[in-house]
Structure formats: C-alpha cells, structure tokens
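Asks: got a sequence here, can you model it:
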Amino acid sequence: MNTPFSQHLGFINRGELDDELTYELAELVKMVRLTGKQGSITITLKVSKANKRDEDTLKIAPSYKTTLPQLDQAETIMFSTVNGDLLRNDPNQNELELKEVPEHDSNELKEVATHG
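Replies: Numbering: from 1, shown residues only. From the prediction side, this is the model:
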C-alpha cells in the first residue's frame, strides 16, 4: 500500500507547504462565505529526477495558486476626454453656481394673511 497523499504533503518543504495551504484554504473559505461565489486552490507538484544516474532519488517542486472570489464592485460613471482622461463631471454641461443658504432660527413663526 502506498503512503497517503496527505502524509506526503506534510513532508514537502518540511511542512511549510502544508502550513501555507492551510492558511490559503481558510482565506478561501472566508471569501466564499462572504461573497457566495466560488474560488479555488490549484496545487502543482513538479516531480523530476535529482540526477541522471539515480532513478530512486526525486525532487518535488511545489507551487500553488489561490483564486479568491471577489466582492461585487459598484460601478462609477465617468466622462472621457479626447486625450484619454476621465472626469467626474460632464464637461459639456454647465455648472450651477450653488451658494450655501445661511441657517435661520426655526423657532420664528411667520403669519400668512388669508383672504376670505
């Protein structure tokens, strides 16, 4: 019977790969729960002979890639120029000269004349 893969994983890079993948999996699980979207971890183990004379000694080069789901981002409307710049305000629309209205005492009552 062969050694279980999970046991080999613990030996690669003296357990560092296992530690890193444990962290990456936890981050992936958190993002899937948060976004409701799927993500993935892809593990690659490149196996090669350590030298040409010995077929029993092998090198294992691990790598992994984590793809976390992304939160939906709000869209922003911008206006472009011929030069490739982006502007927040439409350059073809006149701007209103808005002024701040001073505060007044809201306790002051005014009487309105009625005709009747």
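
Asks: buried set for stretch 10-21?
Replies: Judged by neighbour count using 16 or more other Cβ atoms under 10 Å, the buried positions of stretch 10-21 are 17-18, 21. C-beta here means a position set from N, CA and C on the backbone, and glycine is covered the same way.

Asks: so where do the strands sit in this structure?
Replies: 40-49, 58-67, 79-80, 86-87 (DSSP state E).

Asks: which stretch among the ones you listed comes nearest Thr3?
Replies: Closest to Thr3 of the strands of the chain is strand 58-67 (Cβ to Cβ; 13.1 Å).

Asks: what residues are up against the spatially most central residue of the chain?
Replies: Against the mean C-alpha coordinate of the chain, by Cα atoms, centre = their mean, the closest residue is Gln70 at 4.5 Å. Taking Cβ atoms under 8 Å, 6 or more residues apart in numbering, we find Gln70 in contact with 35, 37.

Asks: next one: it, what pLDDT does it get?
Replies: Per-residue pLDDT puts Gln70 at 94.

Asks: and the gap between it and Thr3?
Replies: As judged by Cβ to Cβ, to the nearest Å, Gln70 and Thr3 stand 38 Å apart.

Asks: next one: Leu109
Replies: From Leu109 to Thr3 the distance is 89 Å (Cβ to Cβ).

Asks: which one's more surrounded, these two?
Replies: Thr3 (8 against 5; other Cβ atoms under 10 Å).

Asks: tell me the phi and psi of the more buried one?
Replies: Dihedral pair for Thr3: phi -70, psi 140, per degrees, to the nearest 10.

Asks: with that, I have no additional questions.
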